[in-house]
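1. only geometry, no sequence info:
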């Protein structure tokens, strides 16, 4: 039996996505006879971070990965979210455009599927409440026959979380939390004081260790009430604002791009400590109530690795499993599990050892074809299984891109779409943040280590000896902290990934090869992307990211790739064809300048709201004219010739194209 699980907006109409962030982290998964076959997040395919659209591309990718030629071969479609919530989304869309949208969620989803795939699936759609889907997404891959399950996030179906007792195929809801006391909502509102917004919560988590939580502890102890029976309450928002004002924090609120002060760090620390205090309060009560020694976590809050580390170190539970895709994309998997149970299909409790369910990087022949397309920019040599070469490069100081096998499901790169470096020199952290990731200097990096060597470098609480999904923060052993400067955070911790020979034999072998070179079997491991894009998905994505960042070399499957060097850095750009992404459009406008004259402005404007990146990116008139004629097939050089703009210096035009490419405002690809 083939079961599809989906999460996202219910309408594919691009303009409707500007309304809100509803449907963010769109995703589709495919299960066959209870086993997960494929999982694709829409962002990896349309290259828009946190994409909030109907997951058409992700569904197509799932069908292809599962060898299905038609959506009609899918027996059931599980939808993440209650049907009433889908009805509300449909009503909002219908009010905006009655001719394009249906009034009911089921009808609209069926129409979106029929438009994309030509199949009427209306009788095969099954809805799963938002947080129940999150719970199922963690229960099944945990492998626990019994467990306590805690789900917490911003909101979904007018709730912000629930506590569940899982026994066999039964989930018993012990408590539901109303949206008014959302922990995710509190975290997002508070980090606005730090110049951060939605989807930036993990940045505040990384900032917190630099602060002193005691400085602003009173704001949170007065604003949060821990109640009997594991419950809690939050003060109204006006009270929070009054306390922030009284503490002088409103006047010190950081604006995006401005420096961080100690006050900002102290606020982040107090916020993080408060979250951890609430979580321990809730979990202590329900552990005592149920007697459960196994815990499953899901929902956006479960991506807070620091809090997960505190829970693990508390000793409340013998084993803790965190769903690797705890955000809303993971709800697509939970909805598929729920639909399978509704059809009477047994879904085995089998612990996940990996999450490599995405796009396949292909065989050597496929990779060679990619390299041939980019030969004006790169050179390469066969590498085969000789991992001593990349290990030696790492030891010599190289920062490398690493692409192998199927892409990871979830927000963490786990050795298939990774950037790798020596974990020892502290300057590696600064270099990668500045030249590759292009992000805040304080942001930490994670280590990957062979599972059998975990205890050599980290303090491991209890008997949980494997951490394959980079979901927990552990303490770096005191005697290793000075030696592991690139991965040890300011508080002496690291977000650890363990690698087993069985789950990822090639990456495991690379770690041991690095160990022979530097004496420590470990790599700094971060996601293969820059700050403007999702993790790379295809081999073409990987080469494009390699060329537009400060990476030294790229291991693409069986090949070692280097950049061509020359005196003219943009000379080859004319051979690339530009394309405007589907989530952006060209805009030409006129405005009155300060001297009273009308001036024209040219820009790329987002078709989504500001939560999904900059709304406007300025262009020169020349670039506007070139992009206006771009079709993804004609090269920059051809477009220049056909436009008659040949008098303008090529380096000027190609330099602007390079900047836009680095910002992922446009795509550049070889033709053919």
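-> It's in. Owing to the predicted nature of the structure, the values given are computational and were not obtained by experimental measurement.
2. can I assume residue 514 is in contact with residue 392?
-> No. Taking contacts as CB atoms under 8 Å, residue 514 lies outside contact range of residue 392: 9.1 Å. (Glycine included, C-beta is placed from N, CA and C.)
3. avg pLDDT for stretch 83-93?
-> Here stretch 83-93 scores 89 as its mean pLDDT.
4. residue ranges with poor pLDDT in the stretch 501-650 of the chain?
-> 567-569 (pLDDT under 70).
5. residue 514 and residue 392: which is more packed in?
-> residue 514 (26 against 15; other CB atoms under 10 Å).
6. show me what contacts that one?
-> 391, 394, 395, 422, 520, 521, 522, 523 (CB atoms under 8 Å, 6 or more residues apart in numbering).
7. next step: those residues restricted to strands.
-> residue 523 (DSSP state E).
8. most neighbours among the contacts of residue 514, which one?
-> residue 523 (33 neighbours).
9. for residue 278, grab phi and psi.
-> phi -70, psi -40 (degrees, to the nearest 10).
10. tell me the contacts of it?
-> Applying CB under 8 Å, 6+ apart, the residues near residue 278 are 183, 224, 226, 232.
11. among the residues you listed, name the ones in strands.
-> Mapping the contacts of residue 278 onto strands (DSSP E) picks out 224, 226, 232.
12. mind giving me the PyMOL command for buried ones among the residues you listed?
-> Applying 16 or more other CB atoms under 10 Å to the ones in strands among the contacts of residue 278, the buried members can be selected in PyMOL as follows:
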select buried, resi 224+232
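13. could you dump the ones in strands among the contacts of residue 278 into CSV and include distance to residue 440 and pLDDT?
-> Below are the ones in strands among the contacts of residue 278 laid out as CSV (distance: CB to CB, whole Å; pLDDT from 0 to 100):
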residue, distance to residue 440, pLDDT
224, 27, 98
226, 32, 98
232, 31, 98
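14. need the ones in strands among the contacts of residue 278 in CSV (columns: distance to residue 468).
-> Converted to CSV, the ones in strands among the contacts of residue 278 look like this (distance: CB to CB, whole Å):
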residue, distance to residue 468
224, 33
226, 33
232, 32
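15. which of the ones in strands among the contacts of residue 278 sits closest to residue 591?
-> Set against residue 591, the nearest of those by CB to CB is residue 224 (46.7 Å).
16. where's that closest one relative to residue 234, distance?
-> Distance from residue 224 to residue 234, counting by CB to CB, to the nearest Å: 6 Å.
17. residue 257 and residue 653, how far apart?
-> 28 Å.
18. neighbour count: those two, which is higher?
-> A count of neighbours by other CB under 10 Å puts residue 653 above the other of residue 257 and residue 653, at 22 against 6.
19. my guess is the more buried one contacts residue 626, does it?
-> Yes. With contacts counted by CB under 8 Å, residue 653 reaches residue 626, the gap being 7.3 Å.
20. common neighbours of these two, please.
-> With CB under 8 Å, 6+ apart, residue 653 and residue 626 have common neighbours 636, 640, 645.
21. would a markdown table of those with neighbour count, secondary structure and distance to residue 505 be doable?
-> Formatted as a markdown table, those follow (neighbours: other CB atoms under 10 Å; DSSP: H, G, I helix; E, B strand; the rest coil; distance: CB to CB, whole Å):
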| residue | neighbour count | secondary structure | distance to residue 505 |
| --- | --- | --- | --- |
| 636 | 22 | helix | 42 |
| 640 | 20 | helix | 48 |
| 645 | 16 | coil | 53 |
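22. ok, the residue nearest to residue 239 when sequence neighbours are not counted - how many residues close by?
-> Spatial nearest neighbour of residue 239, chain neighbours left out: residue 223 (6.5 Å); criterion: CB to CB, 6 or more residues apart in numbering. Residue 223 has 19 neighbouring residues, counting by other CB under 10 Å.
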